[in-house]
Every structure is written in C-alpha cells, then in structure tokens.
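Chemist: next come a sequence and a model predicted from it.
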Amino acid sequence: MPFNLPNLLTWLRIILIPLFVGIFYFEKSWVSAPNQNLVATIIFTAAAITDWLDGWLARKLNQTSAFGAFLDPVADKLMVAAALITLVQLERVDAIIALIIIGREIAVSALREWMAQIGEAKSVAVSFFGKIKTASQMLAIPLLLYHDRIGAFSPQQVGTWLIYIAALLTLVSMAYYLKVALPQAWKRT
C-alpha cells in the first residue's frame with residue numbers, strides 16, 4: 001500500500017464515518033439535537049470534500065496507485081451507505097430510497113469487478129448519469145443531516161427532493177450500465 005497524501009485523505013474519509021454517525025448517539029444533554037445535526041453535516045461535508053481532493057491531488061502530484069483506485073470508491077460507498085442508514089433511522093429518508101441507492105452501488109461494483117475480469121472495465125467507466133447522481137446525493141445528504149430550517153429555507157425539503165432525484169438517476173445509471181454489460185454477458189454464456 002503506497003503511503004501518500006491522496007491515500008491518507010481516503011483513509012481519513014473512512015475514519016470520519018463513525019464520527020458523523022456517532023454524533024447522533026451522544027446524550028442530548030451533551031450535544032443538543034440541532035448541534036448534532038450541524039456537527040454531522042460538517043463532518044460529512046469535510047469527508048465529501050476529501051473525496052474530490054484526494055482524486056485531484058493524486059492526478060496533480062502523479063500519485064495515483066492501484067490501491068488508491070480500489071480504496072477511493074470503497075470509502076465513497078461506505079460513507080454514503082452509513083449516511084443513508086443513519087438518515088433512515090432518523091426518519092429523514094425512506095428506506096426504499098436508501099435500498100435503491102445502496103443496492104445499486106453494490107450491484108454496479110460487482111458488475112465493474114466482473115467486467116474488469118473479462119477485460120471490459122472501460123465499458124463500465126463512470127457515466128454522465130452516474131456523475132449527476134453522485135452530485136445530487138452529495139448535496140442531498142448534508143441537507144438531510146442538517147435538517148433544521150434556516151429561516152424560510154427547508155434543508156429537509158430540498159434534501160428530500162434531491163435524494164429522490166438521486167434515486168431516479170441511480171436507476172437510470174444502473175440501466176445504462178446493464179445495457180453496456182449485458183451484451184458481454186450473453187457472449188460469455
């Protein structure tokens with residue numbers, strides 16, 4: 001495992017997961033609910049920024065590695081899954097939405113692994129729909145974690161719309177990946 005700044009940031013993102021989840025388990029006498037929401041939002045947002053930053057630094061500093069390419073998407077999926085499960089428990093996201101998004105992540109990861117094994121990894125590279133889906137959910141999750149109104153602005157309402165958009169794009173991008181991969185599957189059977 002190469003020890004470099006991009007990989008260190010990826011590990012940091014993984015370490016931040018129990019922190020933004022754990023804040024909701026603190027006694028309300030220690031940290032009020034609004035402060036729990038704020039702290040969780042800040043930690044998740046910092047983790048999301050490291051997702052962008054580690055990739056940018058890896059390319060900029062020419063520190064890309066096979067290990068980093070493996071660990072980065074794992075960290076992303078762990079972070080999103082933990083946030084969605086927490087939001088379901090807090091009753092801020094419907095379980096079906098979380099299942100759609102988490103299920104798609106697992107299925108597409110497995111599909112990418114299989115396509116890589118048969119030498120077709122480039123055919124299931126990240127799609128435009130996948131990028132929009134990721135942006136939508138990375139905006140939605142902090143809004144849903146924050147939850148509390150800011151004047152007339154309702155982060156919960158906007159976050160809910162964005163997470164529904166992310167779930168829809170999740171299904172669209174999954175269909176796209178299946179459309180690309182199924183011909184390969186038929187050839188191999």
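Modeler: Sure thing, it's come through. Remember, predicted model here, so these are calculated numbers, not experimental data. Numbering: from 1, shown residues only.
Chemist: tell me the gap between stretch 140-151 and the middle of its chain.
Modeler: Computed by Cα atoms, centre = their mean, to the nearest Å, the separation of stretch 140-151 from the middle of its chain amounts to 17 Å.
Chemist: I'd like the mean pLDDT over it, please.
Modeler: Model confidence over stretch 140-151, given as mean pLDDT, is 95.
Chemist: ok, residue 187 to residue 181 distance?
Modeler: When distance is defined by Cβ to Cβ, to the nearest Å, residue 187 is 11 Å away from residue 181. To be clear about C-beta, it is placed using only N, CA and C from the backbone, and glycine gets the same treatment.
Chemist: more crowded one of the two?
Modeler: residue 181 (19 against 9; other Cβ atoms under 10 Å).
Chemist: I figured that one hits residue 115, correct?
Modeler: Yes. With contact defined as Cβ atoms under 8 Å, residue 181 counts as touching residue 115 (5.9 Å).
Chemist: and the longest helix for this protein?
Modeler: Ordering each helix of the chain by length in residues (DSSP state H) puts helix 155-188 first.
Chemist: find the nearest non-adjacent residue to the most centrally placed residue in the chain, please.
Modeler: With distances taken as Cα atoms, centre = their mean, the chain has residue 80 as the residue nearest its mean C-alpha position (3.6 Å). Using Cβ to Cβ, 6 or more residues apart in numbering and skipping the chain neighbours, the partner closest in space to residue 80 is residue 137 (6.4 Å).
Chemist: pLDDT wise, what is that neighbour at?
Modeler: Looking at residue 137, its pLDDT stands at 94.
Chemist: tell me the buried residues in the helix or strand harbouring it?
Modeler: Here residue 137 sits within helix 128-146, counting by DSSP states H and E. Of the residues in helix 128-146, those scored as buried under the neighbour-count criterion (16 or more other Cβ atoms under 10 Å) are 129-130, 133-134, 136-146.
Chemist: ok, stretch 164-173 next?
Modeler: When neighbours are counted by 16+ other Cβ under 10 Å, the buried residues of stretch 164-173 are found to be 164-167, 169-170, 173.
Chemist: from these, which shows the smallest pLDDT?
Modeler: Across the set of these, residue 173 stands lowest in pLDDT, at 86.
Chemist: low-confidence ranges in the chain?
Modeler: Scanning the chain for pLDDT under 70 picks out the ranges 1, 120-127, 185, 188-189.
Chemist: coming back round to it: my guess is the residue nearest to residue 80 meets residue 100, correct?
Modeler: No. With the criterion set as Cβ under 8 Å, residue 137 and residue 100 do not qualify as a contacting pair; they are 11.0 Å apart.
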